[in-house]
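Please find the sequence and the predicted model below.
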Amino acid sequence: MPKRTDISKILVLGSGPIVIGQSAEFDYSGTQACKALKSEGFEVVLANSNPATIMTDPESADRTYIEPLTLEYLEEIIRIEREMSPGAGFAVLPTVGGQTALNLAIELSDGGVLEKYNATLIGANVAAIKKAEDRLFFKDAMQRIGLDVPKSALVNNGKDGLEFAGKIGFPVIVRPSFTLGGTGGGIAYNREELGEVLARGLDLSPVHEALIEESVLGWKEYELEVMRDTADNVIIICSIENFDPMGVHTGDSITVAPAQTLTDREYQAMRDASIAVIREIGVDTGGSNIQFGVNPETGRMVVIEMNPRVSRSSALASKATGFPIAKIAAKLAVGYRLDEIKNDITRKTPACFEPTLDYVVVKIPKWQFEKFPGADDTLGPQMKSVGEVMAIGRTFKEALMKGIRSLDTGKKVGSDKIEPKILTQRLVTPHPERLAYVRYALRQGHTVKQIAKMTSMDPWFLYQLKEINDQQLELEKHPMESIPPEVLRDSKRMGFSDGRLAQVWRLEGQEKVRHLRKKYGIMPVYKRVDTCAAEFESFTPYLYSTYEDEDEAAPTDKKKVIILGSGPNRIGQGIEFDYCCCHASFALRDDGYETIMINCNPETVSTDYDTSDRLYFEPLTFEDVWAIYQHETSKGADVGVIVQFGGQTPLNLALPLKEAGVKIIGTSPESIDLAEDRKQFNKLLEDLQIPQAPGVMATSIEEAVAGANRIGYPVLVRPSYVLGGRAMVIAYDEQSIVRYMQEAVEYSHDRPVLIDHFLEDAIEVDVDALSDGEDVVIGGIMQHIEEAGIHSGDSSCVLPAVDIPQHLLERMREYTFKLAKALKVVGLMNIQFAIPRGNGSSGNGSEGGKVYVLEVNPRASRTVPYVSKATGIPMAKIAARLMTGRKLREFLPEFVKRRADLDTGNYYYVKSPVFPWSKFPGVDTVLGPEMKSTGEVMGVADNFGEAFAKAQLAAGQKLPTQGAVFISVTDHDKPHVAPVARKFVDMGFKLVATAGTADVIEAAGMNVERVYKVKEGRPNVVDFIKGQRIQLVVNTPTGQEPWFDEKAIRRAAVTARIPTITTLAAARAAAEGIAALQRGEVNVHALQQLHAERHVSKVM
Amino acid sequence: MQAILALEDGRVFRGKGYGAKGECYGEVVFNTSITGYQEIFTDPSYSGQIVVLTNPEIGNYGTNQDDNEATRPWIEGLIVREFSRVSSNWRSQQVAEEYLEQFKVPVLSDIDTRALVRHLRDHGVMRGVVSTLESDTEKLVAKARSIPKMDGTDLAKEVSTKRSYVWEVGERSHEPVAVVGVKDEPPRFHVVAYDFGIKQNILRKLRGEGCKVTVVPAQTPAEDVLALKPDGVFLSNGPGDPEPCTYAVDSIRRLMGRQPIFGICLGHQLTGIALGGKTFKLKFGHHGGNHPVKNLQTGKIEITAHNHNFAVDPDSLAQSEVEFTHRNLNDGTLEGLRHRNMPLFSVQYHPEAAPGPHDSHYLFKEFTKMMEEWKR
């Protein structure tokens, strides 16, 4: 059946901000879907609150709404779009935006919105979604088609849960209904634990319901990616086997594609079951993911769950096979059949087939427990990882070793910290370091059998690890000078990096290893991912390295640019950088360059095979990048490398690559380095007469203490060369400095610890700018809504700045221009400023008039996509072109001439962060200089208050429109608190305050209810929060380490989902936002409309 | 142990030898299935062929008695990228290397199998030698050139059973690896199956669908078959070129219209010839488990298992008599046919799978339905 003609307009639902369990993979799938639907001639409307995505680029859809993903905002979008084209067939596609979009689809349907506006769901129907998502329905459905499932019961209270668990025996699994990434799930080994886990699960489930399930811990775990078309043709795209057995969320498991330890008979049984499942659930068209558990002793196979949509696993499967699941799913949703769609890679054969692999793919998750002290780091049914890497090798061993080095841990090869005492614990209990402990155990002589028993990992996988260990032992027998070439070759084929070999031979660098390899002709070749194991010719250069005979890369002699991606997503280095890398590729491709992407993150748009002319799915290490560069220049091509778009990972490679002779384009690595080198940078600022907080560098405890004492406390302490404020703290005394130097970081002469005086009571400002070395254009001056000391990535900010006086804005512009020129910036740059507040009346920093530079980063920043969406100017695209020698005058002549900032028109754009607290119960939710947020959202409106309220709402913080506001502010803020309190009173709120603040409010003539601090007695403020007597918390921290009260208040507020505001500026913003909410207005704006109104010149 | 593959066009691959020491000769073909190496080892259709598996990790789950397609491996030699020294699966009874060694099948491992596959794809299948004994590659290339060509060779009668027997094993014997909805029907039909190199899963499927099966040698005359008073005749898969199997074509011609007939693979090619058609050799054949085949009667797509180097030329058949029922969506080749007036149909691919998807199991039901209608 060809394309449906009864639909002409399609609303695609995005997945919102990046959170644990729902990450960049939905930008990848959403972007593919939008592209596919647009190319089919549909009018595509997109709703997504996340500005840092490629899918929200104005070109991806016809109209893009960066709006909160809530029922009321979606209804307004649908209403407007319906009005614009009343006669058109209107459909909503909810299957490419993760669980968020599916849940919204249910809301739209249950709320009668679809019916009211005569809109149809495509991709999945409501009945199918409910059947797949409701665990009881699902279980019934499985039993109806004769499939086995773990024994289970759905409960909505603790008593029933305990009773059922008693029947089936412990341990049991608790799975709350309708939550993301297994949020709130857990394993309970006894009654007491069950009570706890179940209570939390019920609380987090939007329908207050959870499943108690028979444990299949230790069973083998598999996933199949299935697609079905409207004619009921069903195909399997990929099988995935988990290295970690059942009990660990698949997002937290090392996974392998294709499945390695199933016979054909077993695999086909699973395939048959998958097909039966997708038919029974009734997913009419599109992709689904089905999980199975298999008892390793008996082969009993049970169905675990099904996702009736594209998922993280389908993104992985797409990258693992070269089969673009989301793109095909979108086409199937509009009526195409699988046999009517071509396979892009072979061009000749249809998409109706099952990919076959002649390589092995390994995915390894990346966790960041170090950012969340106190978080429970054991792995279980709730996903905790923040990102992942994928590696391709010709064998499992090679892929695994490549995956391990892709993780970019910052640790030296082989320097895993192993504590022999806890070996058994680490093997038995799933943990991020389990793989390292398995390898350690093998090295200590434990047998595969022993380890298999403790870990329940399949012995085949463990045997592969043993072979790697044996190879390492063999290597250690030979000094480098006399290594037999075949041992070296076997090691490289097994995936040993040059770095690891250098470590075995105790060499300083890898260079000697590389030369030795060259001498013996042991060099990598590049093979293609082609969906068909070479049965047909491949037309897409989607490549991976391996040590074999034949090379298929066929490098050209064209002028080309290599873009280094950002590797696995992590907090502080996420989708924003992938966005920039993609933009560089798009722009330079248009300019006639052959674009080449190197990245190892399967979740991203950058690793889509048609984003760039060539894709190397490779680790971002010196060895791997250098080899690709050598290869791509081998035909005499002029190759430039872009390192400034991928965050810290490629920056760490910049200098070594340049020293090795690689042509880095844009700002020189030396300039990038200079900005990190405290001595040189201080000198530069002094020369330019730009003020900065006094700072020192230290490479020893003594130096650190002396330095900190000299510059005066509090101080901001951090390692060099990190992103996202990793291990960055504010220290108030000598003791903290000593502890920090002893425990927190590794440092060396090359990588000293940086210590700066911390400017308390300051407003922070982020500036993003473009420079071609001669001219500079400022993209945006973003005013942080939270106070200084909170990492910029964790701070809400607003464009344009709302209350910074003109002369200070001018001063920041002046500094930016000076710095861009001094650092010879070609491309993007980001500067962070602090404006200390005086003791003046407004508390907005207008008195002092001094602007300090906190940090200069001559590279892409996290805010580039947000600024680009707000201004309508694709900054990363322009920056990429500047790097190839083009000039700002070509693109932004007016702005260059007028020295004007890019324009945001008459609208305010607020960016707000999203935090993973719900995944880490018990962790202190206080913000500081180390970034903790996983994603961001944007709110737009013609007034600041509404924009802020929308951003908060999009981030999951619904500002209240009535009730009580709790206010507790520092002495510094007390003089300014009354006007803010007045606003709340005027809007009908009651006030609650602790003694000191209450005094000030009462003195200003307002009524306030007094409440005890936590330590003072009860009922205290926490009791009030828990008792739902407070709807909004305004609590400005003291500047000291968060004291007990604040911690307790914040935790209680997070648990009770009450918004917490930590600055008066934000409180004022919230008041304005609440006023907007009280007006009951729901205003939505299409990005294209906002940009057009501003007459943004079509520069690109 | 060093091992070498030498091809007739002079290309040579050096790797490691596993399994048996020695030398093997044959046509080198590649199979793209991800799972099911044991079924491939033991498929008699691979007689005369050295098989390259594109899945680089082979041997992982060992071998077991239940997954054999014959009582012994039929491949002449095996070529893989990585051969597992251990096996891991609850059904495994023997490590794959031991199994092949026991039957003297040499294994060449650690070579760039993808380069070899691309070579065969571009230049077509060709003769080759795998040797763990000889290191003089020129001698090996010369040996490769001296192997008889597959074209024109009748291998079916070589691999066929020497005497007839009755098959009793159905599908239920493989629990707990249950297929959704599978159960063995009590025998309602008597089928005589010509063994041109029959795979045991065809027999299990027929038994599962309620057929008592008598397996007879390839050269059994039609009269002997009719004397067994069957309800239907099955024509099996098998190795080699269909053209020289004139005895089989004769039998089929004599059985046509007198018995319901179902043919698979070589059985399909022989049916094509019996109907007056011609066969031709494909450049590198179809060997794998992911080929899309369109059922031209229902419009539905089946993902199918393939293992053939020859195909029936549809232009050589009279469409007044023969209806084309299935077509390959990758290359458009004929995958199935049905006689318009007589109870006879055949498919080029393997509905019994093993290894491969089960999408086409329905054909066995169609066969029993045909027999039922014929009985009335």
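That came in fine, so what should we check first? Numbers count the residues shown, from 1 in each chain, chains lettered A, B, ... in the order given.

Not counting residues beside it along the chain, what's closest to the residue in the stretch 101-250 of chain A that chain B sits nearest to?
Residue nearest to chain B within the stretch 101-250 of chain A (C-beta to the nearest C-beta): residue A:233, separated by 4.4 Å. To be clear about C-beta, it is placed using only N, CA and C from the backbone, and glycine gets the same treatment. Spatial nearest neighbour of residue A:233, chain neighbours left out: residue B:301 (4.4 Å); criterion: C-beta to C-beta, 6 or more residues apart in numbering or on different chains.

swap in residue A:170?
In space, residue A:170 is closest to residue A:189, 5.5 Å off (C-beta to C-beta, 6+ apart).

For that neighbour, grab the count of nearby residues.
A count of nearby residues for residue A:189, using other C-beta atoms under 10 Å in any protein chain shown, gives 12.

Need the pLDDT of it.
We have a pLDDT of 92 for residue A:189.

Between its first and last residues, how far does stretch A:13-22 reach?
Across its full length, stretch A:13-22 reaches 14 Å between end residues, using C-alpha to C-alpha, to the nearest Å.

Ok, stretch A:785-802 next?
Using C-alpha to C-alpha, one end of stretch A:785-802 lies 10 Å from the other.

Quick one: mean pLDDT over it.
Taken as a whole, stretch A:785-802 has a mean pLDDT of 89.

give the contact list for the residue nearest to the spatial centre of chain B.
In chain B, the residue lying closest to the centroid (C-alpha atoms, centre = their mean) is residue B:45, at 4.2 Å. Residues near residue B:45 by C-beta atoms under 8 Å, 6 or more residues apart in numbering or on different chains: B:74, B:197, B:199, B:237, B:238, B:239, B:265, B:266, B:307, B:308.

Give the burial count for the second one, as a bare number.
One way to gauge burial is a neighbour count; for residue B:197, by other C-beta under 10 Å, it gives 28.

Just the strands from the stretch 51-200 of chain B, written as ranges.
B:57-58, B:77-79, B:82-83, B:106-109, B:126-131, B:165-167, B:189-195 (DSSP state E, counting those that start in this stretch).

Note down every partner strand of the last one and its orientation.
The sheet places strand B:189-195 alongside strand B:211-217 (parallel), strand B:232-235 (parallel), with pairing taken from DSSP bridges.

for the third one, same thing?
Strand partners for strand B:82-83, identified by DSSP bridges, are recorded as strand B:57-58 (parallel).

What mean pLDDT does the strand it pairs with get?
On average, strand B:57-58 scores 98.

need the helix or strand of chain A with the lowest average pLDDT.
Lowest by mean pLDDT, DSSP states H and E among the helices and strands of chain A is helix A:1044-1055, with a mean of 77.

Report the contact partners of whichever residue of the stretch 251-400 of chain A sits closest to chain B.
As assessed by C-beta to the nearest C-beta, chain B sits closest to residue A:264 within the stretch 251-400 of chain A, at 3.2 Å. Residue A:264 makes contact with B:33, B:35, B:36, B:38, B:39, B:67, B:353, B:354, B:355, B:356 under the criterion C-beta under 8 Å, 6+ apart.

looking at this, the first one is in a helix?
No: with DSSP: H, G, I helix; E, B strand; the rest coil as the criterion, residue B:33 is located in coil rather than a helix.

host element of the closest residue to it other than its chain neighbours?
Excluding the flanking residues, the one nearest residue B:33 by C-beta to C-beta, 6+ apart is residue B:289, at 4.2 Å. Using DSSP states H and E, residue B:289 sits within strand B:278-295.

what helices or strands is that strand leaning on?
On a contact count with 3 or more C-beta pairs under 8 Å, 6 or more residues apart in numbering or on different chains; DSSP states H and E, strand B:278-295 meets strand B:23-31, helix B:113-123, helix B:266-274, strand B:301-313, strand B:322-328, strand B:334-339.

and the second one, what does it pack onto?
Using 3+ C-beta pairs under 8 Å, 6+ apart as the contact test, the elements touching helix B:113-123 are strand B:23-31, strand B:49-53, strand B:278-295.

buried sites along it?
For helix B:113-123, the neighbour count (16 or more other C-beta atoms under 10 Å in any protein chain shown) marks B:113, B:114, B:115, B:116, B:117, B:118, B:119, B:120, B:121 as buried.

Could I get the residues you listed in TSV, plus columns for pLDDT?
Formatted as TSV, these follow (pLDDT from 0 to 100):
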residue	pLDDT
B:113	98
B:114	98
B:115	98
B:116	98
B:117	98
B:118	98
B:119	98
B:120	98
B:121	97
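
closest to chain A among these?
Closest approach to chain A among these (C-beta to the nearest C-beta): residue B:115, at 3.6 Å.

need the contact list for that closest one.
A:548, A:549, A:550, B:13.

Let me see the confidence value for residue B:182.
61.

so where's the chain shaky on pLDDT?
Looking at chain A here, since you left the chain open. Within chain A, the segments meeting pLDDT under 70 span A:1, A:180-182, A:411-416, A:723, A:744-745, A:838-848, A:1038-1044, A:1095-1100.

try again with chain B
B:172-182.

Quick one: name the residues of the stretch 1-150 of chain A near chain B.
By C-beta under 8 Å from any C-beta of the partner chain, the residues of the stretch 1-150 of chain A that approach chain B are A:145, A:146, A:147.

Please list the residues of the stretch 1-150 of chain B that sit near chain A.
Residues of the stretch 1-150 of chain B lying close to chain A by C-beta under 8 Å from any C-beta are B:13, B:30, B:32-36, B:38-39, B:54-57, B:60-61, B:64, B:66-67, B:81-82, B:84-91, B:111-115, B:117-118, B:121.

go with 7 Å
B:32, B:34-36, B:39, B:54-57, B:60-61, B:67, B:81-82, B:84, B:86, B:88-91, B:112, B:114-115, B:117-118, B:121 (C-beta under 7 Å from any C-beta of the partner chain).

Can you name the residue of chain B nearest to chain A?
residue B:36 (3.2 Å).

I'd like to know how many residues surround that residue.
Residue B:36 is flanked by 26 other residues according to other C-beta under 10 Å.

likewise residue A:962?
Using other C-beta under 10 Å, residue A:962 has 11 other residues around it.

just residue B:74 next, same as before
Other residues close to residue B:74 by other C-beta under 10 Å number 24.

The helix or strand residue A:316 falls within near chain B at all?
Element membership for residue A:316 (DSSP H and E) is helix A:312-321. No: under the criterion of C-beta under 7 Å from any C-beta, helix A:312-321 makes no contact with chain B; the nearest approach is 10.8 Å.

residue ranges for the strands of the stretch 351-500 of chain A, please.
In the stretch 351-500 of chain A, the strands defined using DSSP E, counting those that start in this stretch lie at A:360-366, A:387-393.

hang on, the earlier thing: so what sits opposite the residue nearest to residue A:233 in the bridge?
residue B:294.

the inter-axis angle of the helix holding residue A:316 versus strand A:360-366?
Helix A:312-321 runs at 140 degrees relative to strand A:360-366, counting by axes from the mean of the first three to the mean of the last three C-alpha atoms, to 10 degrees.

Direction-wise, compare helix A:312-321 with strand A:387-393 and give the angle.
Using the same axes, to 10 degrees, helix A:312-321 lies at 30 degrees relative to strand A:387-393.

Are we agreed that the residue nearest to the centre of chain B is in a helix?
Yes: if the criterion is three-state DSSP, then residue B:45 is within a helix.

And it, how far from residue B:157?
Going from residue B:45 to residue B:157 by C-beta to C-beta, to the nearest Å gives 14 Å.

Ok, residue B:314 next?
27 Å.

Equivalent analysis for residue A:786, please.
Distance, residue A:786 to residue B:157, by C-beta to C-beta: 85 Å.

Alright, that wraps it up for me.
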